[in-house]
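Student: Make a model of this:
(chains A and B)
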Number of protein chains: 2
Amino acid sequence: MAMRYFEDFAPGEVLTLAPRHVTRAEVIAFAAEFDPQPFHLDEQAPASALVGGLIASGWHVSALFMRMICDAFLVDSSSMGSPGITTLKWQKPVRPGDTLSGTCTVIEARRSKSRPEMGIVRFRHEVVNQSGEVVMWLENPILFAARDGGRP
Amino acid sequence: MAMRYFEDFAPGEVLTLAPRHVTRAEVIAFAAEFDPQPFHLDEQAPASALVGGLIASGWHVSALFMRMICDAFLVDSSSMGSPGITTLKWQKPVRPGDTLSGTCTVIEARRSKSRPEMGIVRFRHEVVNQSGEVVMWLENPILFAARDGGRP
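Tutor: Below you'll find the predicted structure:
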């Protein structure tokens, strides 16, 4: 895969995320470490009945999404990280046995005025399940070093 | 700890998060699984020089924060999960050896009109390091079942 720099992202481009199966064991392992609410840990908990059974932590879905974008393009890029999340919605539950996939759409790509050696790429990311339902979407900026080092 | 329901959250209340030390091993383990960008994995990577050394994945900081709020009050509550994040900023890097703590401030608490058996509590959460610097802040709503079951 060719190394992607700031200059390689153009508004309207859609990057595709490869499918990722979600297992019961990993849902419970993540929850036990980071989000031990009963509906993330135990199908039999009373709280799980209210949400239709065991569901993955929203932060687990976020972390799985992060791995998906790393594998799709971020690790082979000049990424310098992200300052945050503009908005994120956990729209539908993710359950053991689901298969996630998704897209990252470039909304805007602009060079930093104060640091022209890098640019800010704003994305809208969508994660869908095997039924095509959007389970999570978020908008966030990611910083990328420019290929030209700020000397266009 | 007494079980907290929707009725137990009032605007202005500040809940305190107990300190959490962050180790190099866990920073690297999380990154290897979910966010294998070089500056989360390897101090010697060229990309790490640009960010002043190894830094924790922002999603790892988010997950550690989630565990801190679970331990502080969420597991002993009627939490029904969260629909998402209004805004989140990863404001300063978190590095191995840091100790995180923080606060959750109740901004608003209102009963759901369509589902009066629950309410929406909007929080502003802040995570600080051992120097008192805010490393991450976020605003998000969390749903809680009402003690009165919707029959006030």
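Student: ok, and the closest non-adjacent residue to the most centrally placed residue in chain A?
Tutor: In chain A, the centroid-proximal residue (Cα atoms, centre = their mean) is A:F65; its distance is 3.4 Å. In space, A:F65 comes closest to A:V127 once its chain neighbours are excluded; the distance is 5.2 Å by Cβ to Cβ, 6 or more residues apart in numbering or on different chains. (Glycine included, C-beta is placed from N, CA and C.)
Student: element containing A:E126, please.
Tutor: Using DSSP states H and E, A:E126 sits in strand A:118-128.
Student: can you give me the offset of that strand from its chain's centre?
Tutor: 9 Å (Cα atoms, centre = their mean, to the nearest Å).
Student: Which is the succeeding secondary structure element to it?
Tutor: Per DSSP H and E, the helix or strand that comes after strand A:118-128 is strand A:134-145.
Student: Flag every residue of chain A that's near chain B.
Tutor: A:30, A:33-39, A:47, A:50-51, A:55, A:57-59, A:62-64, A:66-67, A:70, A:74-75, A:79-91, A:138, A:145 (Cβ under 8 Å from any Cβ of the partner chain).
Student: Mind giving me the PyMOL select for those, buried ones only?
Tutor: In PyMOL syntax, the buried subset of the residues of chain A next to chain B is picked out as below (16 or more other Cβ atoms under 10 Å in any protein chain shown):
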select buried, chain A and resi 30+33+34+35+36+37+38+39+47+50+51+55+57+58+59+62+63+64+66+67+70+74+75+79+80+81+82+84+85+86+88+89+90+138+145
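Student: So which of the residues of chain A next to chain B are in strands?
Tutor: A:84-85, A:87-90, A:138, A:145 (DSSP state E).
Student: Report the helix or strand with the lowest average pLDDT across chain A.
Tutor: Counting by mean pLDDT, DSSP states H and E, chain A has its least confident helix or strand at helix A:46-50, which shows a mean of 81.
Student: That helix packs against which elements?
Tutor: If contacts are counted by 3 or more Cβ pairs under 8 Å, 6 or more residues apart in numbering or on different chains; DSSP states H and E, helix A:46-50 sits against helix A:38-41.
Student: could you give the mean pLDDT of the helix it packs on?
Tutor: Averaging pLDDT along helix A:38-41 gives 94.
Student: For it, what is the distance to the chain centroid?
Tutor: Worked out by Cα atoms, centre = their mean, helix A:38-41 lies 22 Å from the chain centre.
Student: Output the contacting helices and strands for it.
Tutor: helix A:24-34, helix A:46-50.
Student: at 10 Å what do you get?
Tutor: helix A:24-34, helix A:46-50, helix A:58-69 (3 or more Cβ pairs under 10 Å, 6 or more residues apart in numbering or on different chains; DSSP states H and E).
Student: my guess is A:D148 contacts A:F6, does it?
Tutor: Yes - if you go by Cβ atoms under 10 Å, A:D148 and A:F6 touch, sitting 8.8 Å apart.
Student: Common neighbours of the two, please.
Tutor: Jointly contacting A:D148 and A:F6 under the rule Cβ atoms under 10 Å, 6 or more residues apart in numbering or on different chains are A:111, A:117.
Student: which one of the two has more residues nearby?
Tutor: Between A:D148 and A:F6, counted using other Cβ atoms under 10 Å in any protein chain shown, the more crowded position is A:F6 (26 against 13).
Student: Okay, now the unreliable bits of chain A?
Tutor: A:1 (pLDDT under 70).
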